[in-house]
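In: Need the 3D shape of this:
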Amino acid sequence: MRTIRLTMAQALLRFLDQQYISVDGQETKFVQGVMGIFGHGNVTGIGEVLERSAGDLTYIQGKNEQGMVHAATAFAKQKNRRQIYACTTSIGPGALNMVTAAATATVNRIPVLLLPGDNFASRQPDPVLQQLEVVGDYTLSATDSFKAVSKYWDRIVRPEQLMSAAIQAMRVLTDPAETGAVTLALPQDVQAEAYDYPEAFFEKKIHYVDRRPPAQEAIDRAAALCLQKKRPLLIAGGGVLYADAMQELMDFAASFGIPVAETQAGKSALAWNHPLNVGAIGVTGTLAANKLAKEADLIIGIGTRYSDFTTASKSAFTHSDVQFININISSFDSSKLNGVGITADAKTGLRLLREALASQGYVSSYESDDTAALKAVWDQEVDRLYRIECAEGFAQTHALGIINATIDPSAVVVCAAGSLPGDLHRLWRASEPKTYHMEYGFSCMGYEVSGAFGVALAEPNREVYAIVGDGSYLMLHSELVTSLQEGRKFTILLFDNHGFQCIHNLQRSQGSDGFGNEFRYRDAASNTLSGSYMPIDFTAHARAMGAKAYKANNPEELKAALLLAKKESVTTLIEIPVVPGTNTGGYESWWHVGVPEVSESPKVLAAHENMKKRVQAAKPI
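Out: This is a model prediction of the structure:
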């Protein structure tokens, strides 16, 4: 057996450089490069390899560890999980800064490889700078925090352990059912230790992602159930897009006249103006979709994990005999809501179920005018909200309407948290697949700017827009600078509504008078944050970092700024002051949040009683 002597870090990167993925016969280099921030724990290990022998791996310098992992996650999501970046950090705080982003990737089923530095395996210099000492269990370190948020976790304490660990890491990263964050903790001394690795370990490796067919018995069970039902509703989740099953979804819906509702991850799988697309479902759903959900006797979920926002905390589906068919690559998700599971690739599962139903002559009982009438009413409501004017200033929904009408249909919008995801889910008119990039599995504040950079890496020929509130922007905007460094332009549409207004709205809807969520100065008399709004010049801030920036106070200025931003060659920010509370509300939906049973406020007690009634009405599945 021929061997080659390399350090563990050298071997790891050489291995990653030879990993490929094949889907439907199309072969793609899987690991595109490494995003990193150097410190002790990785600069003389992986850092030395990236400097001298990185092969075809590109190094991108992050500015915040959480931000760079968000960027890597967004890149992989936009690439349908077929290309990734690895992320390397130092030990201690550098490593721990990635934990939130690791959870974001795992919750959303997106592959990202994390390579945090770790304590000395030898323990001889202990305790080193930034080392966490757990006196009751000295095997624990800061990187153990990744166990709860990783789909695979390992610590490489001997250089030869890399071989089995790397193979297992790639298994999980390329498995559409199991994927998420993968963490390989790398002790800083072991990174630099050498071993005689077999040359075969570094040969080109192709990971074949075969479309998993369902069991015929599963198709038969699902078809038998469907034949008993008259008013089914399709729910398109993110799995439709990841499986490239958009055409199969359209064919299935059209074949049987079944309306289609969308989750946040599934939005854009079907064009907004398709006659069977009734829009968003659940808490942030449209009136059309939520009305149909209440009347449906069968829900066919494709590639959805049925979050509480999708099911309106299990209150969306109220038909006395409603049942579920779940097509999902993951058996964990296909078994949810006590449904008939079809554990399979969405593309294959939809096609085979359609063929089975067509052979039985199945049709739903919907009249074509049923869906069309609901859709027409909702389209009129969107038109109204997109044009709504507010005496106090610029309404948030009006601003979104101008953006939707002005930017290219092929442009990608990126969002994650606050009131904007609800407005976008309900109102945004997506015409093409993969133009709506919403991270709403974790709804992680700070994802938007970093995510837009990741999408710009993945889609160099498309315009990319980060739609972000001022609260989320203040939490994390560091990768704006990285986008300038890398020459990957995107546009930040910053909605300034003076605080965390989404939670402010939720708070007040449950009996609160409003507390601690707006960006106000402290009032000396009451010793509360109830003074005037804090003026923050986001335009000047962006310009100070090297970006272009504009401020749009009204519809005319916003449209002009969008046209100017499109012509810019570098990342551009448009600051859009909007009136707080001018976002959309719910449309026949409910979200279960805990409301105090005991309070000094009659409004809170009333909200608690309302919550109890809603809980009793929801289906306890």
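In: all contacts plus neighbour counts: C-alpha atoms, from now on.
Out: Will do.
In: low pLDDT regions in the chain?
Out: Residues of the chain meeting the criterion pLDDT under 70: 619-621.
In: biggest helix in it by residues?
Out: helix 368-387 (DSSP state H).
In: Just the CA atoms of that helix, as PDB, please.
Out: Output of helix 368-387 as PDB, limited to C-alpha atoms (Å, rounded to 0.1, in the frame of the first residue of the first chain):
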ATOM      1  CA  SER A 368     -62.400  25.300 -11.100                       C
ATOM      2  CA  ASP A 369     -64.200  28.500 -10.000                       C
ATOM      3  CA  ASP A 370     -63.800  27.500  -6.300                       C
ATOM      4  CA  THR A 371     -60.100  28.100  -6.200                       C
ATOM      5  CA  ALA A 372     -60.200  30.900  -8.800                       C
ATOM      6  CA  ALA A 373     -62.600  32.900  -6.700                       C
ATOM      7  CA  LEU A 374     -60.600  32.600  -3.500                       C
ATOM      8  CA  LYS A 375     -57.400  33.400  -5.400                       C
ATOM      9  CA  ALA A 376     -59.000  36.500  -7.100                       C
ATOM     10  CA  VAL A 377     -60.100  37.900  -3.700                       C
ATOM     11  CA  TRP A 378     -56.600  37.300  -2.300                       C
ATOM     12  CA  ASP A 379     -54.900  38.900  -5.300                       C
ATOM     13  CA  GLN A 380     -57.100  42.000  -4.800                       C
ATOM     14  CA  GLU A 381     -56.100  42.100  -1.100                       C
ATOM     15  CA  VAL A 382     -52.400  42.000  -2.100                       C
ATOM     16  CA  ASP A 383     -52.900  44.800  -4.500                       C
ATOM     17  CA  ARG A 384     -54.600  46.800  -1.700                       C
ATOM     18  CA  LEU A 385     -51.800  46.200   0.700                       C
ATOM     19  CA  TYR A 386     -49.100  46.900  -1.900                       C
ATOM     20  CA  ARG A 387     -50.700  50.400  -2.500                       C
END
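In: tell me which residues in that helix are buried?
Out: The neighbour-count check on helix 368-387 (16 or more other CA atoms under 10 Å) flags 371-372, 374-375, 378-379, 382, 385-387 as buried.
In: Next SSE downstream of that helix?
Out: Heading C-terminal from helix 368-387, the first helix or strand you meet, by DSSP states H and E, is helix 396-406.
In: from the chain's centre, how far out does that next one sit?
Out: Distance, stretch centre to chain centre, for helix 396-406: 22 Å (CA atoms, centre = their mean, to the nearest Å).
In: coming back round to it: would you mind giving the buried residues of helix 368-387 as TSV with distance to Q323 added?
Out: Listed next are the buried residues of helix 368-387 as TSV, based on distance: CA to CA, whole Å:
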residue	distance to Q323
T371	21
A372	24
L374	23
K375	24
W378	26
D379	29
V382	31
L385	34
Y386	36
R387	39
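In: Which phi and psi values does the closest residue to D24 other than its chain neighbours adopt?
Out: Leaving aside its sequence neighbours, D24 sits nearest to D210 (CA to CA, 6 or more residues apart in numbering; 7.4 Å). Dihedral angles of D210 (phi, psi; degrees, to the nearest 10) stand at phi -80, psi 140.
In: How is the protein partitioned into domains?
Out: Annotated domains of the chain cover 3-208, 216-374, 388-498+534-577 [automatic domain parsing].
In: Redo those as JSON lines? Include distance to S509.
Out: JSON lines is the format used below for the domains of the chain (distance: least, CA to CA, whole Å):
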{"stretch": "domain 3-208", "distance to S509": "28"}
{"stretch": "domain 216-374", "distance to S509": "14"}
{"stretch": "domain 388-498+534-577", "distance to S509": "14"}
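In: Tell me which of these approaches G594 most closely.
Out: Of all the domains of the chain, domain 216-374 sits nearest to G594, with 12.0 Å by CA to CA.
In: Sounds good, over and out.
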